[in-house]
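Undergrad: have a look at this prediction, sequence included:
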Amino acid sequence: MINPQWLRTFMTLVELGNFTRTAERLNLTQAAVSQHIKRLEEIIGPLFIRYPRRVELTPAGHALREYGLEMDAADQRLQQRLTGDDDQRGEVSLITPGSIGLALYPRLLELQRASPQLSIRHRFAPTREVVEAVLGNHFELGIVSLAQDDPRLTVSIFAQEALELVVPALARVDGWADLERLGFIDHPDGQEMATRLLSRRFPGFPGVRSLPCHGFTNQIGLILEPVALELGFTVLPQFAREAFAHPEAIRVVPGEPKVVDTLWLLHRAEWPLSARAKWVLEALGAALGSSTCGT
């Protein structure tokens, strides 16, 4: 039988692709991580091809990874059998993009406060990482902005979210010249989101890159801070704007046509959701005013 601690180290290294980050994640020394992998390789054979900044799995490594995934799935099924019928006890794990995560996390904490035996585990991540985490059984629930067609996943509509043009509260926007005067506050998805919305709102759209850039941040909870300080405007999803702590300092510019994205709920198709996950989804649906939250 494979030592569970060695297997956990291996699976974490596969996920992160780096010995240093693996050691940090597991609260181990790099020497301990290397020792665990060495012990496994003594039993199974070479698991990785090592490069300066990454590792690549060998055929034996792929086989061990599949074994690890099977062990994770079996462990999750056991946990669900032991506690799955209790809708307010046990862990609910959810991985989401930033905007919807900002909207959901405070509501998740309220649910946990109302049901102290409920444990909430939430992580912010891009779509690719969300899908991998759900498929890898690291999270029971995931939310993405792109529909998935992997047969291992059950996919359902979770919510609708509009893109919004957000400006300082007292700013007036009657045309493209006003946006040029304000300047753009960029973020990792800023160029793409702004192009999708502004190209539909402003005839003769000259492109986002023609706007002066007045700032950039990769922290979604901070993007609206410079807007509130009248340093520029931005384009963000609705839920990120609604989570901002100073709504009086910003304003959404109305306009047509609207650009609305569908958010999709993911979970593994092989087994049903736990009772607690269903209960949490129903509560989140009610809080968001949505009747399509995956249940």
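TA: Now that the structure is in, tell me what you want to look at. Keep in mind the model is a prediction, meaning the values are calculated, not measured. Numbering: from 1, shown residues only.
Undergrad: ok, residue 151 - how many residues close by?
TA: Neighbours of residue 151 under the rule other Cβ atoms under 10 Å: 7. For every residue, glycine as well, the C-beta is placed using N, CA and C.
Undergrad: and it, what does it touch?
TA: Contact analysis of residue 151 by Cβ atoms under 8 Å, 6 or more residues apart in numbering lists residue 269.
Undergrad: quick one: it and residue 268, what's the gap?
TA: Distance of residue 151 to residue 268, given as Cβ to Cβ, to the nearest Å: 11 Å.
Undergrad: likewise for residue 177?
TA: Distance of residue 177 to residue 268, given as Cβ to Cβ: 51 Å.
Undergrad: who has more neighbours, these two?
TA: Between residue 177 and residue 268, counted using other Cβ under 10 Å, residue 268 has the larger neighbour count: 21 against 9.
Undergrad: who does that one bridge with?
TA: residue 153 (DSSP bridges).
Undergrad: in the stretch 151-295 of the chain, what spans have low per-residue confidence?
TA: Where the stretch 151-295 of the chain drops to pLDDT under 70, the residues are 289-295.
Undergrad: the helices in it, which residues?
TA: For the stretch 151-295 of the chain, the helices defined by DSSP state H, counting those that start in this stretch occupy 176-182, 190-201, 224-228, 238-242, 275-288.
Undergrad: could you dump these into TSV and include distance to residue 260?
TA: Shown next, in TSV, are the helices of the stretch 151-295 of the chain (distance: least, Cβ to Cβ, whole Å):
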stretch	distance to residue 260
helix 176-182	21
helix 190-201	10
helix 224-228	20
helix 238-242	9
helix 275-288	14
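Undergrad: residue 215 is nearest to which of these?
TA: Proximity to residue 215 (Cβ to Cβ) singles out helix 224-228 among these, at 4.8 Å.
Undergrad: any idea how far that closest one is from the middle of the chain?
TA: Averaging C-alpha positions (Cα atoms, centre = their mean, to the nearest Å) puts helix 224-228 23 Å from its chain's average.
Undergrad: renumber starting at 2 from here on
TA: Understood, numbering begins at 2; the last thing we discussed is helix 225-229.
Undergrad: quick one: residues in contact with that helix.
TA: Around helix 225-229, the neighbours that count as contacts under Cβ under 8 Å, 6+ apart are 167-170, 186, 215-216, 218, 233-235, 237, 241-242, 245, 247, 250-251.
Undergrad: PyMOL command for the buried members of the residues you listed?
TA: For the buried members of these, the matching PyMOL selection, counting by 16 or more other Cβ atoms under 10 Å, is:
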select buried, resi 167+168+169+186+215+216+218+233+234+235+237+241+242+245+250+251
